[in-house]
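Undergrad: build the 3D model from these lines:
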Amino acid sequence: MPYRTNWHRLFGLMLADFFTGSPYSVELEKDLSIKKQLLDVVILRKGKGKFVGQLPDGFDNLAKHNLITFKSHHDTLEDWALKELTGHYVNYRKQVSPSFENLLPEKEFRLYAVTSRFPHELAGSGNWKCIQDGVFDYQRGSDTIRVIVLRKLPDEEQNAGLHLLSAAPDKLSYGAAHYGRHSPETSTLINRLYNGYQREGMSMPYTMEDFRKDYVKEHLEKLSPEERVEGLLPEQLRKVLPLDQLLKVLSPDERLAGLSPEEIDKLLRRHAAKSAKSKPKKKK
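TA: The predicted structure follows:
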């Protein structure tokens, strides 16, 4: 492989020489990985096929690599956050590409900013475009950043999960009532969300217990009869299934199952005695 001059280093050395003896110092090839920088979320496409279901509003243009910054109700989405997102994108693209000289195409990447509150400062610029309710595109240089404002999204089922992070009581209520199970961790996740809001003193119009009840009612028909009564004690089953109704569906053999011949004979004698007493006596 032919020798290649390191022009970047020569550029730095030239500046170092130029600023010698001045109030400025020049550092070459400074390692920027010393302080850990964390990108909030990456949605990465790993398999083929189409997404089953409907994506939340604003995520209709997913690419192979989707980089997301998130601002909760405590934070404001400002220009600095978008600068950071762009910086993460540059670093991420270098890491996932075959080499620095052979970067993956820009079309394989999307940038998203998801925020609970509306970013009035950004919206006041001329680079702001409304796509639909709660979804906006913000042009930053050659990059288009998709901005999703949770409190502005419509109350539709595909947005229910995002509503749970909006910190807006009406949106939270809708989200909890309509967000379905996607993994075994769903209930745990929602419970943690509610605990987080409660620790911050937020009034919850829709409780975790409400969520559990509504979820069970909504999915009860998908359970088998055995699964529906699993774990119930006999006395609980008696309340659910009154004895007179249960006896109607049992055959005579099923009613007597588990009784010994002696017990059956004793019951028959007792029943015969009761029948004899209940019969009216014949007049002489």
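Undergrad: show me what contacts Asn91?
TA: Listed by C-beta atoms under 8 Å, 6 or more residues apart in numbering, the contact set of Asn91 reads Gln37. For glycine as for every other residue, the C-beta is placed from the backbone atoms N, C-alpha and C.
Undergrad: quick one: secondary structure of it?
TA: helix (DSSP: H, G, I helix; E, B strand; the rest coil).
Undergrad: give me the distance from stretch 260-271 to the chain's centre.
TA: 60 Å (C-alpha atoms, centre = their mean, to the nearest Å).
Undergrad: the nearest residue to Glu121 once chain neighbours are set aside: how many residues sit nearby?
TA: Counting by C-beta to C-beta, 6 or more residues apart in numbering, Glu121 lies nearest to Glu78, which is 6.3 Å off, once chain neighbours are set aside. Residues within reach of Glu78, counting by other C-beta atoms under 10 Å, total 13.
Undergrad: ok, Glu78 touching Thr115?
TA: No. When contacts are counted by C-beta atoms under 8 Å, Glu78 is not listed as touching Thr115 (9.9 Å).
Undergrad: quick one, what contacts the residue lying closest to Pro98 once chain neighbours are set aside?
TA: In space, and not counting its chain neighbours, Pro98 is closest to Leu104: 7.8 Å by C-beta to C-beta, 6+ apart. Applying C-beta under 8 Å, 6+ apart to Leu104 gives the contacts His65, Arg93, Val96, Ser97, Pro98.
Undergrad: which of the three states applies to Leu104?
TA: coil.
Undergrad: any idea how far it lies from His73?
TA: 35 Å (C-beta to C-beta, to the nearest Å).
Undergrad: residues near Gly88, how many?
TA: No Gly there; residue 88 is His. 19.
Undergrad: so it: helix, strand or coil?
TA: Taking three-state DSSP, the label given to His88 is helix.
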